[in-house]
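In: Fold the following and give me the result.
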Amino acid sequence: MSRRTHVNLEDDRVTGQYASWVKQAIDLIAPKDLYLIAGRATAKTSDIIAERSQTICRDMPHSKQVFVSDTYVNALKNITPTLIEGWNRKGWIEGKHYVTDSKPPSHFKKCYKPVESFKHTIYTYLGNLFTIGSLDQPSGLAGDSFQHRYGDEARLLKKAKLDKLTPALRGEYAQFGTSVFYRGNTFTTDMPNILLGDDEWILSMEKNMNLDQVKNALQVGLVLNEIKLEVLAAVQIKDYAKVENLKKQLVKWTMHWVRARKDLTFFYVVSSFVNVDILTDGFFADSLKALGIEEFKSAILSLKINLKKGEKFYGNLGEHHFYDDGVITSYYDKFAIGEEIEESSLALRYIDHNAKLEAGVDFGDMCSMISGQPRGNYLYGLKAFHTLAPENEKHLGKQFRDFYKYHKVKVLDMYYDRSGNANAKTKRDWASALQRAIEFDENGISTGWTVNLMSLGQGTIYHVEEFNFAKELMGETTQGLLKLKIDKFLCKCLKSSLELTKIKMKTDAKGTRTLHKDKSSESLPLYLRPMYSTNYSDAFKYWIYRMDFVEQVNTHSQYSGMDPSVGG
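Out: Predicted coordinates for the structure are as follows:
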């Protein structure tokens with residue numbers, strides 16, 4: 001860590017600030033557009049975006065700015081609180097320097113444009129209005145005008161949605177056009193992981209960077225910082241005559257610095273080792289052990305990783321199987337920034353509240369549930385739930401009840417692993433336990449739900465059978481078979497699990513090769529399994545691999561000897 005100096009020319013305040021070398025480089029270059037790919041634990045939001053946004057607010061007082069996220073839930077629960085925490089550490093106090101979701105105090109400067117609603121906004125004492133926006137409803141933002149745009153976790157932001165918002169970077173050139181940051185962008189992220197379906201658009205921003213201009217801006221910034229260090233030394237010895245002389249040099253070199261940065265794009269990729277002094281060796285050793293080598297490469301080392309289509313168990317899975325407009329964002333208008341958010345099926349766009357629900361469930365030390373509903377020609381995956389030991393099926397049942405408590409037809413058809421019926425005669429089997437946890441609350445009072453156990457008597461679903469059926473379902477080649485649609489946000493862990501699941505070939509003693517699902521990821525630490533293991537894919541398997549669907553593609557070997565009514 002080393003020091004960068006900040007000088008306020010108006011009142012001679014001089015401060016020394018300590019930061020990682022990449023943070024210093026960003027501050028010294030201070031580009032119009034910043035695109036940073038950095039490993040985990042590099043304080044992208046709480047340090048880099050927090051201080052850069054403060055700088056932009058000072059450079060463009062009265063401006064309107066927008067902070068975009070993939071969903072309102074992520075923005076309100078995670079990203080915005082982290083940004084505010086960073087502001088607080090850097091000296092901004094709520095009520096004095098900013099307010100959230102409310103009209104600002106009268107002594108705050110005014111935004112250049114009258115504000116009609118303060119819902120999901122942050123207002124600063126400099127007159128800056130930050131709108132917190134969600135890309136699942138980009139049209140609501142596109143009609144406004146902003147002078148700067150921010151986004152964290154850029155790998156989750158779809159380029160097509162961002163492009164719809166780009167025209168909103170406009171307005172009041174006469175007032176703000178002299179600022180380098182006018183109509184600029186600030187985006188940070190971990191390395192996009194295509195195995196998880198991340199969008200790689202940020203990687204294409206490198207071509208917009210003029211490396212010579214970046215070097216020039218950095219060199220001028222270093223000269224400017226040296227002058228500030230001299231000011232700091234002069235202030236400390238109270239040599240105010242020297243301070244006045246140095247101010248003239250500051251003005252001169254500041255002008256050079258502004259010109260050097262005009263329309264500048266800075267793209268950079270850095271690993272978590274940038275913060276090694278703070279994180280220590282133990283962080284990296286623990287991360288490698290917990291994440292495994294592949295995820296460690298992406299999340300910590302910021303290296304690109306790839307999985308060839310031929311290695312994927314769900315080879316026909318594509319982006320068209322996921323939808324990103326499944327949440328009615330107006331539902332969240334009643335929640336303020338930092339408030340506890342009640343997630344509910346009332347916010348779902350593609351649900352029929354007057355029809356029964358379905359679910360696929362996988363049991364174990366991680367219990368996974370995919371809830372959904374067939375509607376028209378589609379099979380919708382609406383919401384995913386999971387628990388990790390020591391939590392169990394009782395907690396899973398409560399998650400389901402809480403989310404769907406306003407659902408009108410309280411009937412659930414539940415498909416599950418045949419092991420879920422183990423010990424059914426003693427009424428201690430997992431399936432029956434989850435059934436009771438949904439039909440009755442913690443006090444044994446009926447909830448009004450009826451859970452139909454759809455997998456009684458079911459045989460083993462072999463990996464090759466699942467593979468062939470999923471290929472047909474996702475390939476959409478069987479006439480009359482429902483098409484798959486999964487909410488990419490509310491089923492985020494399912495999406496990741498399906499995209500990461502690999503094929504594993506085995507050879508028996510006779511030399512016969514057979515296809516299997518690679519289940520090695522289920523030995524990961526519990527907290528990593530929801531995103532990176534095959535557990536969720538198994539819950540998905542039980543949801544889709546049922547008699548009436550399988551018969552349509554003639555892969556019904558697992559139902560031999562079963563009552564035809566079972567699982568229908």
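In: Isn't Arg40 up against Ser298?
Out: No: the pair Arg40 and Ser298 fails to qualify as a contact (CB atoms under 8 Å) at a distance of 9.8 Å. C-beta here means a position set from N, CA and C on the backbone, and glycine is covered the same way.
In: Quick check: pLDDT value at Ile503.
Out: Ile503 is assigned a predicted lDDT (pLDDT) of 91.
In: That one in helix, strand or coil?
Out: strand (DSSP: H, G, I helix; E, B strand; the rest coil).
In: about what we covered before: in terms of neighbours, single out the busier of Arg40 and Ser298.
Out: Ser298 (23 against 19; other CB atoms under 10 Å).
In: Just read off the phi/psi values of that one.
Out: When read as degrees, to the nearest 10, the backbone of Ser298 gives phi -80, psi -50.
In: gap between it and Gly310?
Out: Between Ser298 and Gly310 the distance is 21 Å, computed by CB to CB, to the nearest Å.
In: swap in Arg89?
Out: From Arg89 over to Gly310 (counting by CB to CB), the distance is 48 Å.
In: Also Asn225?
Out: The value you get for Asn225 to Gly310, if CB to CB is used, is 52 Å.
In: Neighbour count: those two, which is higher?
Out: Asn225 (20 against 7).
In: Which strand or helix spans that one?
Out: helix 211-236 (DSSP states H and E).
In: so what secondary structure elements neighbour that helix?
Out: strand 2-8, strand 13-19, helix 21-29, helix 240-260 (3 or more CB pairs under 8 Å, 6 or more residues apart in numbering; DSSP states H and E).
In: Of these, which shows the lowest average pLDDT?
Out: Looking at the helices and strands packed on helix 211-236, the weakest mean confidence is strand 2-8, a mean of 47.
In: Pull the distance from stretch 38-52 to the chain's centre.
Out: 15 Å (CA atoms, centre = their mean, to the nearest Å).
In: May I have the distance across that stretch, first residue to last?
Out: For stretch 38-52, the first-to-last residue distance is 16 Å (CA to CA, to the nearest Å).
In: can you check stretch 155-172 too?
Out: 30 Å.
In: Buried residues in it, which are they?
Out: 155-158, 161-162, 165, 168-169, 171-172 (16 or more other CB atoms under 10 Å).
In: What is the nearest of those to Lys485?
Out: Lys158 (16.5 Å; CB to CB).
In: Leaving out chain neighbours, which residue sits closest to the closest one?
Out: Asp199 (5.3 Å; CB to CB, 6 or more residues apart in numbering).
In: pretty sure that neighbour contacts Lys159?
Out: Yes: using CB under 8 Å, Asp199 makes contact with Lys159 at a distance of 5.9 Å.
In: circling back: OK, contacts around the residue nearest to Lys158?
Out: The contact partners of Asp199, taken as CB atoms under 8 Å, 6 or more residues apart in numbering, are 154-159, 192.
In: ok, now with 10 Å
Out: 70, 154-162, 189, 192, 319 (CB atoms under 10 Å, 6 or more residues apart in numbering).
In: what is the rounded mean pLDDT of stretch 386-397?
Out: If you average the pLDDT values across stretch 386-397, you get 94.
In: pLDDT below threshold where in the stretch 151-300 of the chain?
Out: 195-197, 290, 292-294 (pLDDT under 70).
In: To which secondary structure element type does the closest residue to Ile122 other than its chain neighbours belong?
Out: In this structure, Ile122 finds its nearest non-sequential neighbour in Phe130, 4.0 Å apart by CB to CB, 6+ apart. Here Phe130 is recorded as strand under three-state DSSP.
In: show me what contacts the nearest residue to Phe313 once chain neighbours are set aside?
Out: Using CB to CB, 6+ apart and skipping residues adjacent in sequence, the residue nearest Phe313 is Thr501, 4.2 Å away. For Thr501, the contact set (CB under 10 Å, 6+ apart) comprises 195, 307, 311-314, 317, 470, 517-519, 521, 533-534, 536-538, 540.
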